[in-house]
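>>> Just a sequence and a predicted model for now, questions to come.
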Amino acid sequence: MPDANMLFLCKTSDLSPGAVMQVERPEGALAVYNLDGKFYATDDRCTHGLSSLADGEIIDGEIECSMHFGSFDIVTGQPRQSPCSVALRTYPVEVRGDDVFAIIA
């Protein structure tokens, strides 16, 4: 059973390597990534505009925003390509069996 501060994101089989998906929640959507079998989560909204990062493309460990083509490091949330300049919030992720959870504090 997950802890109270854990948010279910998806099943491991729901997200193939190299893919990103959006997970809705009342506080704002998260983007969930599978990088070579390791899962990561960030806020879904680009800090430069109101674009969903889940609509973007993963390139070399970065998520490229589909609106202005800026990018962020998926692991750290740090901006990597202009016009993005403010870091994304990242969330620790835990995999339990086939379930992927974000730790939301």
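Thanks, I have the structure now.
>>> Would you mark the buried spots in whichever strand or helix holds Leu7?
When elements are assigned from DSSP states H and E, Leu7 belongs to strand 6-11. When burial is assessed from 16 or more other CB atoms under 10 Å, strand 6-11 yields the following buried residues: Met6, Leu7, Leu9, Cys10. C-beta coordinates here come from the backbone N, C-alpha and C atoms, glycine included.
>>> list the helices and strands the helix or strand just after it packs on?
The helix or strand immediately downstream of strand 6-11 is strand 20-23, counting by DSSP H and E. Contact partners of strand 20-23 among helices and strands, from 3 or more CB pairs under 8 Å, 6 or more residues apart in numbering; DSSP states H and E: strand 6-11, strand 30-35.
>>> Residues contacting strand 20-23, please?
Contact partners of strand 20-23, identified using CB atoms under 8 Å, 6 or more residues apart in numbering, comprise 7, 9-10, 14-15, 29-34, 41, 44, 52-54, 56, 58, 63.
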